[in-house]
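Asker: structure here, sequence nowhere to be found:
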């Protein structure tokens, strides 16, 4: 994930609050991925407009966390979603 | 034992289908059209499923497009909060119907592939012109923008087409391909001589999939169901009986898996009589093989018992006549060697004809 990359959820991939299990999940074709608080926060910041660096700034501010750490964690999470075709990247 | 809520539900809307694939997973005794749940009943089942914890709804059949109310069913499933996946051969879908399904909120399409050439696909599907029509439907799916999974069903006759099937998935813009070697249940059990892959073919398929996964990383996700009889360990069938998924048959019978009716001592409930939650939690068929207490040896003391849950109950039934036994695919089963030999014998029957699946019988008309 590069600083200028713009991640977006493609059609057919969406956030959903699972009332029965009391957790956020990412629904994708024939898959459901349980999200922890961090995963949910990252995906909430993915709006198809913000660049990756802006997402990292936003999360670092919101959580008062070190920017490097946020960048590494978010990139790992988003890259894994991209490999599964749950995330598109434009730049 | 706490029973987790199911994640996925397969709704078999109808057993009717324009195709007659010889590996159809529908039961040999199919539900008639006049036995099918109506639109309102399915809508209620979808709401009950969502309340129970189901997230993923697979609309299947038969051919789900054979239901004229498919668009309404998708709409009611979305209203219930479910992720809707249409599992189709494409036959019965028009551009107009696909647009209506788009308006109804359909999330994803899984398109089956019987072969990569018209000759192969139409012979296997038993439907002339089916391949050409399917390619047209795939183009409409791409134009509308539905996320697409191509489901290539492979066996001895068409395994050589696997590389082309993967290329086709990429060309169609599919995000995913399911490379599914035929599993021998339903009509496929009648066609083991015609369809059983040779061991070398099965190994070649694994090699092709491994290489393609590497080459297409980030472009195409490949889900792979390897040839079963040639394996040394059984499949983790349904992710464990009664743990993550359930099926509702066209006539409202609720099944732990699509082949469960082949186990004669199981009794099944119907959505017309009980709620889905009651059936999931307390239905005798769902509790028959939940967890690990039911397991015989060698499963009971095996370190893999929570990996594969003893394999497939329907397969143990079909091959050795005992649904409580270890899946004979397992190398620890006393029947393993015989099954491997049996698989090799099936794979050598070069001239075996295809036995096509029947269509559901016509409605019974009572004469006054």
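Answerer: Alright, I've got the coordinates. The shown structure was predicted, so the numbers you read here are calculated from the model rather than taken from an experiment.
Asker: can you check which helix is longest in chain A?
Answerer: Looking across chain A with DSSP state H, the single longest helix is helix A:67-83.
Asker: quick check: buried residues in that helix?
Answerer: Within helix A:67-83, the residues that count as buried by 16 or more other CB atoms under 10 Å in any protein chain shown are A:70, A:71, A:73, A:74, A:75, A:77, A:78, A:81, A:82. C-beta here means a position set from N, CA and C on the backbone, and glycine is covered the same way.
Asker: all strands for the chain, in order.
Answerer: I'll assume chain A. A:6-8, A:14-18, A:23-28, A:31-34, A:88-90 (DSSP state E).
Asker: think we crossed wires, I meant chain B
Answerer: B:8-12, B:56-60, B:83-88, B:108-113, B:148-154, B:176-181, B:221-225, B:245-248, B:254-255.
Asker: need the residues that contact the last one.
Answerer: Residues from elsewhere that reach strand B:254-255 (CB atoms under 8 Å, 6 or more residues apart in numbering or on different chains): B:246-249, B:261, B:268-271, B:276, B:279-280, B:283, B:285.
Asker: make it 6 Å
Answerer: Identification of contacts with strand B:254-255 by CB atoms under 6 Å, 6 or more residues apart in numbering or on different chains yields B:247, B:248, B:269, B:279.
Asker: go on, the longest one?
Answerer: Identification of contacts with strand B:148-154 by CB under 6 Å, 6+ apart yields A:29, B:109-113, B:141, B:165, B:169, B:174, B:176-181.
Asker: now swap in stretch B:347-356 and tell me
Answerer: Outside stretch B:347-356, the residues touching it (CB under 6 Å, 6+ apart) are B:20, B:22, B:126, B:190, B:191, B:193, B:194, B:196, B:198.
Asker: how far does that stretch sit from the chain's center?
Answerer: Averaging C-alpha positions (CA atoms, centre = their mean, to the nearest Å) puts stretch B:347-356 22 Å from its chain's average.
Asker: sorry, back to before: pLDDT on the longest helix of chain A, on average?
Answerer: In this model, helix A:67-83 carries a mean pLDDT of 96.
Asker: same question, stretch B:144-161
Answerer: The model assigns stretch B:144-161 a mean pLDDT of 98.
Asker: ends of it, how far apart?
Answerer: From its first residue to its last, stretch B:144-161 covers 28 Å (CA to CA, to the nearest Å).
Asker: centre of the chain to that stretch, how far?
Answerer: 13 Å.
Asker: one step back: quickly name whichever of the contacts of stretch B:347-356 is closest to residue B:80.
Answerer: Nearest to residue B:80 among these is residue B:20, at 32.6 Å by CB to CB.
Asker: for that closest one, give me its contacts.
Answerer: B:126, B:356, B:357.
Asker: where do the helices sit along chain B?
Answerer: According to DSSP H, chain B carries its helices in the segments B:39-52, B:70-79, B:95-104, B:118-125, B:130-144, B:162-172, B:192-195, B:199-215, B:276-282, B:284-288, B:305-308, B:313-320, B:336-347.
Asker: show me what the fourth one is packed against.
Answerer: Judged by 3 or more CB pairs under 6 Å, 6 or more residues apart in numbering or on different chains; DSSP states H and E, the packing partners of helix B:118-125 are helix B:130-144.
Asker: counting by contacts, list what the helix it packs on packs against.
Answerer: Using 3+ CB pairs under 6 Å, 6+ apart, helix B:130-144 is in contact with helix B:95-104, helix B:118-125.
Asker: average pLDDT across the last one?
Answerer: Same thing as helix B:118-125. 98.
Asker: and for stretch A:23-35?
Answerer: pLDDT averaged over stretch A:23-35 gives 97.
Asker: okay, how far is it across that stretch, tip to tip?
Answerer: Termini of stretch A:23-35 sit 7 Å apart (CA to CA).
Asker: quick one: contacts of it?
Answerer: A:12-14, A:16-18, A:40, A:86, B:7, B:55, B:83, B:85, B:108, B:147, B:149.
Asker: got a PyMOL select line for the buried ones in those residues?
Answerer: Of those, the buried ones can be selected in PyMOL as follows, counting by 16+ other CB under 10 Å:
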select buried, (chain A and resi 12+13+16+18+40+86) or (chain B and resi 7+55+83+85+108+147+149)
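Asker: residue B:121: which of the contacts of stretch A:23-35 is nearest?
Answerer: residue B:149 (17.3 Å).
Asker: how close does that closest one get to residue B:106?
Answerer: Distance, residue B:149 to residue B:106, by CB to CB, to the nearest Å: 13 Å.
Asker: could you do residue B:362 as well?
Answerer: 30 Å.
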